[in-house]
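Asker: test case, fold it:
(chains A and B)
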Amino acid sequence: MEMDKLVSLCKRRGFLFQSSEIYGGIQGFWDYGPLGVELKRNIKNAWWHDMVSGHDELTQLPGAPSTYEMTGLDCTIIMHPQVWKVSGHYDLFHDFMVDCRTTKRRYRYDQVRGRWANAKGQRIFVATIVEAAEEHEDTQRRAMKFFKLRAKNATQLEFEDAFLSLTEIENMQDVLGPDAKELGTLTAPREFNLMFKTIIGALAGEEGTAFLRPETAQGIFVNFKNVLDSTRVKLPFGIAQTGKSFRNEITPRNFTFRSREFEQMEIEFFCHPDDSSKWYQYWRDRRMNWYTALGLAAERLILREHAEDELSHYSTGTADIEYAFPFLPAGEYGELEGISHRGDFDLRSHMEGKLDPNSNPLELELNEHGKPKHRGSGKDLSYRDDLTGEKYIPHVIEPSAGADRATLAFLCEAYTEDEQPDEKGNMQKRIVMKLHPRIAPIKAAIFPLVKKDGMPELAKKIYADLKQHFNVFYDEKGAVGRRYRRQDEAGTPYCITVDGQSVADNTVTIRDRDTLEQIRVRVEEVLAEIRKRIG
RNA sequence: GCGGGUGUAGCUCAGUUGGCAGAGCACAACGUUGCCAACGUUGUUGUCGAGGGUUCGAAUCCCUUCACCCGCUCCA
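Answerer: The predicted structure follows:
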């Protein structure tokens, strides 16, 4: 399937539009149209129902180490800035960076040093990122090479005394980059922000800087104690949240796959450290099965377990659920969801302060004064088991899914072209969105076969009845075949047609989108029949 | 970020050397047919991605810019 066919259908039928399209669009932002909003909402509702509201905490589920509870949360997009400092998001990319155009390396602007060198009537700034003990030798060697000087002519090369920071150099054209062989390959410094910055308060200065959340997870961690204190949940239990997150993606691309504003469906599952590996296995398999149950083909999905050397040492496992999106090369997959074993990293961070992810065992990351680089809340986020009296910091399993990526995957999976006979028996191309009935935007369409002889009246009555239960659609215009095909493109699984016989014996036909087969049922049985089929 | 391509009606696209903005489909109304998109009649639809320049005149030539696609890079 070519991606542009799907993009075209999404636009034409109202699944997805480019954001701000009448002004030329804006990169990395997408809107859901009338059909798209129903589809995405159905997916989110299915997730919430299957994971949270429909969860039976009294019965041990297949594969689960024990029974468990599930609860929900909805926190703000803007949180205290300290949340992101402690979580590590702030440090990762709040810096000014320079890129080298030829070597493609990226440097922190303030960490590049160097000194001015003169030779052969030319003055260049030789930059380096090596340790201070080696910077003299490194710049010397590279300056010699640049000026094509032999060792015996070393006296032709003159250095100006001090090492300077790159931040003090005005003209990047004079700079020999740390790995470059020619001048002027470094870009001007650019601030890289994973996170969207915003300002709190109409007159705020720098102290009013806040961030739009890059993930919903932190809102769950910082509310962990609130949930414990306000409910009677006991470990093991999960807190679920759906909501918008924001990331300044470097390269938004591939339709909605890498959007800058996107919606997540996340669970933070808290459990005893001794059981965490079993829970990790459970969630990995549970989440994989969820996608196939809603119609993603198993052969286009993979569960990619991260290799040991990809893992943080505090994690005993991370797996990505990935889908073979049609815009990716054959054999490549795009991430729909990541399930990570995060140990006690997050809760401890919000207690003690930002932890150094490279330390083992985990230790506070300190600044140059030996103080915590980013202070935690100082609140006790450990859990006390009332039965055993044991007190510990729970471990966390995090199934983190992308609602928009899931929606895109379901759209890709559903797009189908087949051939069906027309009224003369000639085969005609048909585009049909084979969405699972549970997530289909419209569950059924109701048509009078013709617009006379009492058929519209009966059809409208059926429509009004069904509308109380499902999103259904009424259409009486034009040839019925055309109406069927329109619904095929919208992914409507069933079409109910009122014909001449209906008026006589109170029966209607139900047409199946995928097989085109029709069955005749009594009008009173339509609701039950559709409900049974939607599941 | 770099290189290449594309941008004209809701969709797919044509538009000659610079000379009145087009087609098919879709959509709407009426009629016809009466269960799988191509019937008839009538009708609607355009900042030619945006801004600037050249020109008597620009969809067309030049500059800038935005968006999308492909490849590389990135993926924190």
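Asker: quick one: residue A:443 from residue A:416, how far?
Answerer: Applying Cβ to Cβ, to the nearest Å, the value for residue A:443 to residue A:416 is 19 Å. C-betas here are computed from N, CA, C, even on glycine.
Asker: neighbour-wise, which of those two wins?
Answerer: Set residue A:443 next to residue A:416 and count neighbours by other Cβ atoms under 10 Å: residue A:443 wins out with 22 against 13.
Asker: what sits against residue A:296?
Answerer: The contact partners of residue A:296, by Cβ atoms under 8 Å, 6 or more residues apart in numbering, come to A:323, A:409-410, A:413.
Asker: where does it fall, phi/psi-wise?
Answerer: phi -70, psi 140 (degrees, to the nearest 10).
Asker: which pLDDT does the model give the residue of the stretch 151-300 of chain A found nearest RNA strand B?
Answerer: Closest residue of the stretch 151-300 of chain A to RNA strand B, Cβ to the nearest atom of the strand: residue A:194 (2.7 Å). pLDDT recorded at residue A:194 is 79.
Asker: so it, which of the three states?
Answerer: Under DSSP: H, G, I helix; E, B strand; the rest coil, residue A:194 falls in the coil class.
Asker: and it, how far from residue A:408?
Answerer: 22 Å.
Asker: also residue A:7?
Answerer: From residue A:7 to residue A:408 the distance is 11 Å (Cβ to Cβ).
Asker: what of residue A:232?
Answerer: 39 Å.
Asker: those two: which is more packed in?
Answerer: Counted by other Cβ under 10 Å, residue A:232 and residue A:408 do not tie: residue A:408 has more neighbours, with 27 against 6.
Asker: the more buried one is in what secondary structure piece?
Answerer: Element membership of residue A:408 [criterion: DSSP states H and E] is helix A:403-414.
Asker: please name the bridge partners of residue A:241.
Answerer: residue A:266 (DSSP bridges).
Asker: so it touches residue A:77, yeah?
Answerer: No. In this structure, residue A:241 is not within contact of residue A:77 by Cβ atoms under 8 Å, at 11.4 Å.
Asker: so which of those two has more stuff around it?
Answerer: Taking neighbours as other Cβ under 10 Å, residue A:241 and residue A:77 compare with residue A:241 leading, 20 against 16.
Asker: can you pull the contacts of that one?
Answerer: Contacts for residue A:241 (Cβ under 8 Å, 6+ apart) come out as A:72-75, A:216, A:219-220, A:264-266.
Asker: what about 7 Å?
Answerer: The contact partners of residue A:241, by Cβ atoms under 7 Å, 6 or more residues apart in numbering, come to A:72-75, A:216, A:219-220, A:266.
Asker: narrow the residues you listed to those that are buried.
Answerer: Neighbour counting with 16 or more other Cβ atoms under 10 Å marks A:72-73, A:75, A:216, A:219-220, A:266 as buried within the contacts of residue A:241.
Asker: so which residues on the stretch 251-400 of chain A come close to RNA strand B?
Answerer: With Cβ under 7 Å from any atom of the strand as the criterion, the stretch 251-400 of chain A meets RNA strand B at residues A:251-255, A:327, A:329.
Asker: now the two most distant members of those residues.
Answerer: Longest distance between any two of these is 19.0 Å, between A:252 and A:329; criterion Cβ to Cβ.
Asker: these two: which is more packed in?
Answerer: residue A:252 (18 against 6).
Asker: and the more buried one, that's in a helix?
Answerer: No. Counting by three-state DSSP, one finds residue A:252 to be coil, located in no helix.
Asker: now the contacts of residue A:241 as TSV including pLDDT, distance to residue A:345 and secondary structure?
Answerer: Listed next are these as TSV, based on pLDDT from 0 to 100; distance: Cβ to Cβ, whole Å; DSSP: H, G, I helix; E, B strand; the rest coil:
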residue	pLDDT	distance to residue A:345	secondary structure
A:72	96	23	strand
A:73	95	20	coil
A:74	96	24	coil
A:75	95	20	coil
A:216	95	17	coil
A:219	95	16	helix
A:220	96	14	helix
A:266	96	16	strand
